[in-house]
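Q: Need a 3D model of the following:
(one chain, ligands or ions: 2)
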Amino acid sequence: MVRMELQKDKYGGQTGRGVLTGEDLAEGVLKGDRLAISRTITVLEDNLQGSGSIYRRLSRKGGNAFVVGIAGPPGAGKSTLINCLIKEFRARNSKVGVVAVDPSSIITGGALMGDRVRMLEHSLDAGVFIRSMASRGNLGGVSTATRKTILVLDAAGYDVILVETVGVGQTELDVASLADMTIVVLMPQTGDDVQAMKAGLLEIGDVFVMNKAELEGADRAVLQLVLSVKERNGWKPPVLRMSAQRCAGVKELMEAIGKFRERITPEQMLKVRRGRARDELVQSLRSKMEELMEERLTGDGTLERFADLILAGRSDPEEASSKLLSRIFKVKSEN
Ligand SMILES: Nc1nc2c(ncn2[C@@H]2O[C@H](COP(=O)(O)OP(=O)(O)OP(=O)(O)O)[C@@H](O)[C@H]2O)c(=O)[nH]1
Ligand SMILES: [Mg+2]
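A: Ligands and ions are numbered 1, 2, ... in the order given. Purely as a prediction, here's the structure:
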C-alpha cells in the first residue's frame with residue numbers, strides 16, 4: 001500500500017509543476033528509476049496518455065538486453081528456477097528484469113502470489129526488477145503488453161530479461177517469439193496430455209530442463225526428451241537435469257545459456273530483431289484497425305443494420321464486410 005502511495009506522489013498524477021509528461025517518465029526510466037519504470041509499464045500497458053511519446057523515446061534506446069523466455073507447464077518449477085538464475089546473473093553483476101506472464105492469475109490470483117513470495121528475497125535488490133502481468137484484457141493482448149514491458153526494462157538498463165510463461169497456447173508461442181532464446185522447463189510425469197503439450201514446447205526450446213530431477217521417473221523422462229529433441233539451425237538443444245528447489249544444476253544451465261548466446265551471430269540477431277520489428281508493426285496496425293472498427297461501426301448500430309440485411313438475404317457477410325471496409329478506410333475495396 002505504501003508503495004502505491006509513493007508511486008502516486010512521484011509519477012502517478014499531478015505535481016506542483018502540473019501533470020508529468022511522457023517525457024518525464026521516459027527520462028526516469030532511462031535513469032533506472034524504479035518508480036518511473038513501474039509507472040511507465042502501466043501507462044504503456046493501458047495505453048494511457050503520454051504512452052506515444054514514451055514509446056518513441058524508449059524504443060530508440062533499447063536493444064541491448066538479452067531476453068530469455070522460460071516456458072513450461074504449470075507447476076514445473078519455472079519461478080523456482082528463475083530464482084536460481086537471478087542469483088547467478090547477480091553474482092556476475094548483470095542487472096535482471098523478470099516478467100511473469102500469467103494468464104491464469106485473473107482467476108485464482110494464487111500463482112502470482114506464489115511467484116512474488118518466492119522471488120521476494122530479490123525484491124530489495126536494486127539490480128532486480130520483477131513485474132507480474134495478468135492478461136486483464138489489454139488492448140492487443142498479453143504479448144503486446146509483454147513486449148512493451150521488455151522495451152521499458154531494456155531501456156532502463158537491465159542486461160538480462162527473463163520472461164516466464166505457462167503452457168503452450170498461442171499466447172505463449174507469441175511470447176516465445178519475443179525472446180532471444182527459450183528455456184523449456186518440464187518435470188517427470190506421465191499422461192497423454194503431457195505428450196501433446198510437449199509437442200508444442202519441443203518446437204520452441206533452445207535448452208530443455210528436466211526439473212525435479214530427484215523425483216522418481218526423472219531418468220526415463222530425460223531419456224524420452226533427449227530422443228524427441230531435434231537439431232535446429234545447427235544447434236542441438238541440450239537436455240539438462242535440475243532440482244531448482246536447491247538450485248542444483250544451475251551452473252550447467254548458465255553454461256548452456258552462455259554457449260547459445262555466444263553462437264548467435266550479429267546477422268542472426270539482426271534477422272530476429274527485424275522479424276520482431278515487423279511483428280510489432282503488424283500488431284500495432286491490427287490493434288489500430290480494431291479500434292477504428294470499434295469507433296466507426298459499433299456505437300451507431302451499423303453492425304446490427306448489416307446483420308439484419310444479411311438475415312433478410314439482401315446481403316452476405318463477404319459483400320457487407322467489403323462495403324464496411326471501404327467506408328472505414330474511404331477507399332474502394334475489391335469485392
Ligand atoms: N521436488 C521438487 N519440487 C520443486 C522443485 N522445483 C520446484 N519445486 C516445487 O514445485 C512447485 C511449483 O514450483 P513453481 O516454481 O511455482 O512452478 P512454476 O512452473 O513457476 O508454476 P506456475 O507459475 O504456477 O506455472 C513448488 O511447490 C516448488 O517448491 C524441485 O527441484 N524438486
Ligand atoms: Mg511460476
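
Q: and stretch 203-222 with ligand 2, contact?
A: No: Stretch 203-222 is not in contact with ligand 2 by C-beta under 5 Å from the ion; minimum separation 11.7 Å. C-beta here means a position set from N, CA and C on the backbone, and glycine is covered the same way.

Q: From the chain's centroid, how far away is that stretch?
A: With C-alpha atoms, centre = their mean, to the nearest Å as the basis, stretch 203-222 stands 23 Å off its chain's centre.

Q: Show me the domain layout of the chain.
A: The chain resolves into domains spanning 2-59, 66-264, 274-329 when parsed by automatic domain parsing.

Q: and those domains, which is most packed in?
A: Comparing the domains of the chain by mean neighbour count (mean count of other C-beta atoms under 10 Å), domain 66-264 comes out on top with a mean of 18.

Q: average pLDDT across that domain?
A: Taken as a whole, domain 66-264 has an average pLDDT of 83.

Q: How about stretch 298-309?
A: Per-residue pLDDT over stretch 298-309 has a mean of 89.

Q: Return the alpha-carbon coordinates of that stretch using PDB.
A: Output in PDB follows, covering the C-alpha atoms of stretch 298-309 (Å, rounded to 0.1, in the frame of the first residue of the first chain):
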ATOM      1  CA  THR A 298     -20.400  -0.400 -33.200                       C
ATOM      2  CA  GLY A 299     -21.600   2.700 -31.500                       C
ATOM      3  CA  ASP A 300     -24.100   3.700 -34.100                       C
ATOM      4  CA  GLY A 301     -25.700   0.300 -34.800                       C
ATOM      5  CA  THR A 302     -24.100  -0.100 -38.200                       C
ATOM      6  CA  LEU A 303     -23.200  -3.700 -37.500                       C
ATOM      7  CA  GLU A 304     -26.700  -4.500 -36.400                       C
ATOM      8  CA  ARG A 305     -28.100  -3.000 -39.600                       C
ATOM      9  CA  PHE A 306     -25.800  -5.000 -41.800                       C
ATOM     10  CA  ALA A 307     -26.600  -8.100 -39.800                       C
ATOM     11  CA  ASP A 308     -30.300  -7.600 -40.500                       C
ATOM     12  CA  LEU A 309     -29.500  -7.100 -44.200                       C
END
